[in-house]
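>>> when you get a sec, could you give me coordinates for this:
(one chain, ligands or ions: 3)
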Amino acid sequence: MRHMVDLPAENLEALIIEDNEKKCWGCGLHILLPSNIPVFRCGWCGAITNLNTKGDRKDNSLWWRCVRDRCFLCIVSLFMLFIICGGVWALYPIVFSISFSCGIFHSFVTLLLIVTTLTTFSLAAFRPAGPPPNIVWGSYPVVSKGELQDYTFCHYCLRPKSPRTHHCRSCGTCVLDMDHHCPFIGNCVGASNHRYFIAFLISTIVSTLYVTTMCTFAALRTWPPLRFSKSFLDHRYRFSSTHLATGLVKEIAFAFLNSVFLLSTRGVILVYLSVASVSVQIGLCVLLWQQLCYIYEGETYLSLLNSSQGEGRVGVRDCRNILRFFGCPYSVLRHFSVFRWSRKRHKT
Ligand SMILES: [Zn+2]
Ligand SMILES: [Zn+2]
Ligand SMILES: [Zn+2]
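Ligands and ions are numbered 1, 2, ... in the order given. So this is what the prediction gives:
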């Protein structure tokens, strides 16, 4: 349990050498505490000092996390490259065989989806996730009253950490409004790239939806015709209704399995792309839905995690949070105030 003490400013100037006297990391003032408590808040600057986490910390597993992230990033990049190249190679001859205009339209849509997905992916993966703002700290005259309210000290970065900032041990840095560390983009999702991350999810879902539709359509066009056995064709009208049903199912399954072995390489790639894109789609849809729920609640994944562990929630559930998140101008948001979508939250 945390114990925090707010001391009036006039008490802070006294420099009394006692066991219970502690130094605030934020403004450098000495604070006399009523007892030897490990966590306290400075009455002048508002910074929280936690004596339990004293000393500089070195993260020895940082290199391993970096290697893991680079590997994931390579796998994701290669997978995207395979989907793009495989899709272009397998689909183009079939689409252009339908009609030239159909082929041109397909080329245009493919190019648009590739550019959008790769651009949003690059912005989410290679943009700094949310560097915290540089603030002055450490000496009393420089730090004004309440300037570091609820700030804590990051013992990894050796700098102040705002209440909305978290230290990511995979990136080795503090991230403003950190949502989570995503190994697939090898980066944190924070204040600066959260919007691009959501755009990347939407773009990938739309792209995989297009890949599934086109590949299924092309696979059906190139699928070898089902060949039924001669005995089945000769006797199909002589069976009773029960025999007919079971015989029909068996014969279709057998003919289908036979036709799979006759599939061309192009057909196999089309089937694989279709199945793979559906699997990716399901996973990403769940992730996108979860992310939109967090944004609607005006929180991040980490802030909700902290609130479930006893810390207070600051967000208010409102659909305008989603519009605000995507940079909707205030003049447009005002019109939505007619609809009160926000719901009352009960304290847990
Ligand atoms: Zn202070
Ligand atoms: Zn840090
Ligand atoms: Zn990170």
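>>> how is the protein carved up into domains?
What automatic domain parsing lists as the domains of the chain is 1-54+134-165, 59-130+177-224+261-328.
>>> residue 110 and residue 273: what is the separation?
13 Å (Cβ to Cβ, to the nearest Å). In short, each C-beta sits where N, CA and C put it, glycine included.
>>> do you know the pLDDT at residue 156?
With respect to pLDDT, residue 156 scores 88.
>>> pretty sure it is touching residue 61, no?
No: counting by Cβ atoms under 8 Å, residue 156 sits too far from residue 61 to count as a contact (12.0 Å).
>>> common neighbours of the two, please.
By the contact definition Cβ atoms under 8 Å, 6 or more residues apart in numbering, residue 156 and residue 61 are jointly contacted by residue 169.
>>> higher neighbour count, residue 110 and residue 273?
residue 273 (24 against 20; other Cβ atoms under 10 Å).
>>> in space, what's closest to that one - neighbours in sequence excluded?
residue 215 (4.5 Å; Cβ to Cβ, 6 or more residues apart in numbering).
>>> dump the residue contacts of that neighbour.
87, 90-91, 270-271, 273-274, 277.
>>> between residue 156 and residue 61, which one's more packed in?
Per other Cβ under 10 Å, whichever of residue 156 and residue 61 has more neighbours is residue 156, with 17 against 10.
>>> quick one on the thing from earlier: who touches both of residue 110 and residue 273?
By Cβ under 8 Å, 6+ apart, the residues touching both residue 110 and residue 273 are residue 87.
>>> how about the residues of the stretch 51-200 of the chain near ligand 2?
Residues of the stretch 51-200 of the chain lying close to ligand 2 by Cβ under 5 Å from the ion are 154, 156-157, 167, 174.
>>> so which two of those are the farthest from each other?
156 and 174 (7.9 Å; Cβ to Cβ).
>>> pretty sure residue 179 contacts residue 305?
No: at 10.3 Å, residue 179 and residue 305 do not qualify as touching, with contact defined as Cβ under 8 Å.
>>> the two: who's more crowded?
Neighbour totals were compared for residue 179 and residue 305, and residue 179 leads with 26 against 13 (other Cβ under 10 Å).
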